[in-house]
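this one's sequence-less:
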């Protein structure tokens, strides 16, 4: 099973439980249910804050997949956690299209609505900053006619995240001889508490400023390990997907979850 295309993105699970699906741990409905149920506890009194969405590159038929990349911005005055992006696909007449995925089934099992969506790559988002997301779905999982439009909304829970502050430093971006777009740098824990599996969140953009790809990279040396306040670790992210479209990049420091 293609976990990401089937609706169980690796980043949401990494966000809440420190599980990196890129480490080939697999993706199960039960684990995503735990993720969704556990998420409710991150919001104060169950409240969620609406976030504005800026949609980047959209492709409804890219080699059999639906791709929607974008950003959400924390316009509130407080830190927010785990931005959730709800995605509703529509056909050419505006009729809603159903999507069957691990994500939608897990939401139903968790007692939430069955709508589709994705979590942003960034867990902890300070006031005024953005979190990037990448919605990827296999077209065979969409019920009905091909999608022609979409509706997107986003929200996040409050979180006392100041102790988990991560900073990116000495960032360099280039293309290597094999055509990969690379982003390298250092992650530093500038908070007051430890961070398990620190990671760099990467946004790749076209020359017109539209985001093409949103990804995260947890350094192998720190997977399931703790970065203490003041400590640093190097990261390197590489991608060949749409690399020719990328004109610039941006990186943010993040923590999967405090220790």
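Ah, there it is. Since this is a predicted model, take the numbers as computed values, not measurements.

residues touching the residue nearest to residue 90 when sequence neighbours are not counted, list them.
Ranked by CB to CB, 6 or more residues apart in numbering and with sequence neighbours excluded, the top spatial neighbour of residue 90 is residue 149, at 4.5 Å. In short, each C-beta sits where N, CA and C put it, glycine included. Applying CB atoms under 8 Å, 6 or more residues apart in numbering to residue 149 gives the contacts 89-90, 92, 94.

Can I get the buried part of these as one ChimeraX selection?
With 16 or more other CB atoms under 10 Å as the burial test, the buried ones among the contacts of residue 149 are selected in ChimeraX as follows:
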select :89,90
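
The residue nearest to residue 90 and residue 197: what is the separation?
To residue 197, residue 149 is 37 Å away according to CB to CB, to the nearest Å.

now swap in residue 256 and tell me
If you go by CB to CB, the gap between residue 256 and residue 197 works out to 4 Å.

Tell me how far residue 77 lies from residue 127.
As judged by CB to CB, residue 77 and residue 127 stand 5 Å apart.

residues in contact with the residue sitting nearest the centre point of the chain?
Computing the C-alpha centroid of the chain and ranking residues by CA atoms, centre = their mean puts residue 121 first, at 2.2 Å. Residue 121 is in contact with 11, 15, 131-134, 201-202, 214-216, 254, counting by CB under 8 Å, 6+ apart.

More neighbours: residue 256 and residue 197, which one.
residue 256 (26 against 22; other CB atoms under 10 Å).

Wasn't the more buried one part of a helix?
No - residue assignment for residue 256, taken from DSSP: H, G, I helix; E, B strand; the rest coil, gives strand, which places it outside any helix.

Look up how far residue 48 lies from the residue sitting furthest away from the middle of the chain.
Distance from the C-alpha centroid of the chain peaks at residue 93, with 29.9 Å (CA atoms, centre = their mean). If you measure residue 93 against residue 48 using CB to CB, the figure is 31 Å.
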